[in-house]
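1. Provided below for reference: sequence and predicted model.
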Amino acid sequence: MSPKIEKIIVKYLTKSASANDLDVLSRWIKIPSNIELFKDFVKTHYVINYSVNNPDTEKLLIQLLMVVRKEKSFLYKLRNQSVYKYTAAAILVGMMVFAYLFKDNMHLGDVEENTPVIVHKVVEPGSDKATLTLANGEQVALEEGTFLQTQNANSDGVKIIYEASESDFEKTEYNYLTIPRGGQFFVKLSDGTQVWLNSESQLKYPVKFKEGESRIVELVYGEGYFEVSPSSKHKGASFQVVNKSQIVEVIGTEFNIKAYKDESNVYTTLVEGRVVVNVDDLSSNLKPSQQLNLNKENKDLIVKTVDVYNQISWKDGVFSFDEKSLKEMMVILSRWYDVDVEFQNKSIENEMFSGVLRKSQSLEEILNSIKNFEIIKDFEITDKKVILN
């Protein structure tokens, strides 16, 4: 096996392969003599502990080869999406491979069959939905199948688009977009800035920005991904995202802010461009791939380099977890599936998990994937409550 192929396999399995890398790997695997080389390399360097002694390991490796071929085209569908710019699509494909591989095969040797899961209700994934509060206080429910048109905006139920207007208001009018648990939504502001809002979030913004003045929106709570229209297109007008804990000053960039009411920290992650985060009298300049962690109580600021994709994958339809505790994971999942979670066995709260799970899966499928990794023994779902043990 050539060093080039070894390097590509390592990149693939460590979530850093590009679309071209995957293309090379797929073509290389088509050669029959390379299949054994591939399997030997994976076994030697990337064996999964809980399946190494499993007689089905050979079968799983063959499935891996099949999925690499099958999913190759997936990257090309993402070429023109912003996520591709960070070569992060390979993460999705790579981790989907492992989720597929071990979906139904996570057993240790002669481990007895698990007790069947008790499921009383199917909990479907969240969807595009929001409540729009207009300047006059009127509230409009937005969801797939509904349509809305106002003087400045229109919505097809899965997104809302504000149009730039030549008219000038005597006073600035604000709208609120509130995303419930089990929801997500996209809004394009009148200046062309695009915002993806996660579950249990609220954004306050002007219907129209005043020309020449700073463009200011408020992430009241929750999580939002911002792709800001640059100031060069708006006569140098800066852009700010404020909340009660901080002010993020933007030149023209992409970044993610996570500021949930029930969490003690606010996380600002810069993807592209430049932002300055102001907290009281302190300021911090972020570089791409840096994240600022603000403790809301003591105002401590910590800046570190992070894997950007793990922070922003939610907007592209997946949960990407990298050494995330089960307790932290369930907070995220509870928002998307609109459920409450109870740990019957407290000792599993700090069990760690790494992997990518599709947001389009039902909650049962998600929990079965976690169960297959032997992080939980079993689970029960009753109405809107999940019990883990």
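-> Okay, I see it.

2. So which residue is smack in the middle of the chain?
-> Geometric centre of the chain, nearest residue: Trp314, 1.7 Å, by Cα atoms, centre = their mean.

3. Can you tell me how far that one is from Ser369?
-> 17 Å (Cβ to Cβ, to the nearest Å). All C-beta atoms are positioned from the backbone trio N, CA, C, and that covers glycine.

4. and if you look at Val123?
-> Where Ser369 is concerned, Val123 sits at a distance of 14 Å (Cβ to Cβ).

5. repeat for Ser334
-> Where Ser369 is concerned, Ser334 sits at a distance of 16 Å (Cβ to Cβ).

6. Also Ala237?
-> Taking Cβ to Cβ, one finds Ala237 at 46 Å from Ser369.

7. One more: Trp336?
-> Taking Cβ to Cβ, one finds Trp336 at 14 Å from Ser369.

8. The residue nearest to the centre of the chain in helix, strand or coil?
-> At Trp314, secondary structure determined by DSSP: H, G, I helix; E, B strand; the rest coil is helix.

9. try Val303
-> Under three-state DSSP, Val303 comes out as strand.

10. From Glu254, how far off is it?
-> Counting by Cβ to Cβ - Val303 and Glu254 are separated by 18 Å.

11. Just want to know which of those two has more residues nearby.
-> Higher neighbour count among Val303 and Glu254: Glu254, with 22 against 16, using other Cβ atoms under 10 Å.

12. quick revisit: the residue nearest to the centre of the chain touches Gly222, doesn't it?
-> No: if you go by Cβ atoms under 8 Å, Trp314 and Gly222 don't touch, sitting 11.4 Å apart.

13. Spit out the residues that contact the two alike.
-> Asn198 (Cβ atoms under 8 Å, 6 or more residues apart in numbering).

14. Quote the end-to-end distance of stretch 371-382.
-> 18 Å (Cα to Cα, to the nearest Å).

15. which parts of it are buried?
-> Neighbour-count burial for stretch 371-382, with 16 or more other Cβ atoms under 10 Å as criterion, is recorded at 371-373, 375-376, 378-381.

16. Tell me which of the residues you listed fall in strands.
-> 379-381 (DSSP state E).

17. how about CSV for these, with pLDDT added?
-> Shown next, in CSV, are these (pLDDT from 0 to 100):
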residue, pLDDT
Phe379, 93
Glu380, 92
Ile381, 92
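
18. closest to Lys233 among those residues?
-> Ile381 (48.4 Å; Cβ to Cβ).

19. what's the spacing between that closest one and Glu365?
-> 12 Å.

20. what packs against the helix or strand hosting Met329?
-> Using DSSP states H and E, Met329 sits in helix 326-337. Secondary-structure packing of helix 326-337 (3 or more Cβ pairs under 8 Å, 6 or more residues apart in numbering; DSSP states H and E): strand 318-325, strand 340-343, strand 352-358, helix 363-372, strand 385-388.

21. now it and strand 352-358, what's the angle there?
-> 20 degrees (axes from the mean of the first three to the mean of the last three Cα atoms, to 10 degrees).

22. quick one: buried residues of helix 326-337?
-> 326, 328-330, 332-337.

23. Just the CA coordinates for it, please, in PDB.
-> What follows is helix 326-337, C-alpha atoms only, in PDB (Å, rounded to 0.1, in the frame of the first residue of the first chain):
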ATOM      1  CA  LEU A 326     -24.200  11.300  27.700                       C
ATOM      2  CA  LYS A 327     -25.700  14.000  30.000                       C
ATOM      3  CA  GLU A 328     -24.600  16.700  27.600                       C
ATOM      4  CA  MET A 329     -25.900  14.800  24.600                       C
ATOM      5  CA  MET A 330     -29.300  14.300  26.100                       C
ATOM      6  CA  VAL A 331     -29.700  18.000  26.800                       C
ATOM      7  CA  ILE A 332     -29.200  18.500  23.000                       C
ATOM      8  CA  LEU A 333     -31.500  15.700  22.000                       C
ATOM      9  CA  SER A 334     -34.200  16.700  24.500                       C
ATOM     10  CA  ARG A 335     -34.500  20.000  22.700                       C
ATOM     11  CA  TRP A 336     -34.800  18.500  19.200                       C
ATOM     12  CA  TYR A 337     -37.200  15.800  20.200                       C
END
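
24. pLDDT of it, averaged?
-> For helix 326-337, the per-residue pLDDT values average out at 96.

25. Strand 318-325 and that helix, what's the angle between them?
-> Interaxial angle, helix 326-337 versus strand 318-325 (the same axes, to 10 degrees): 150 degrees.
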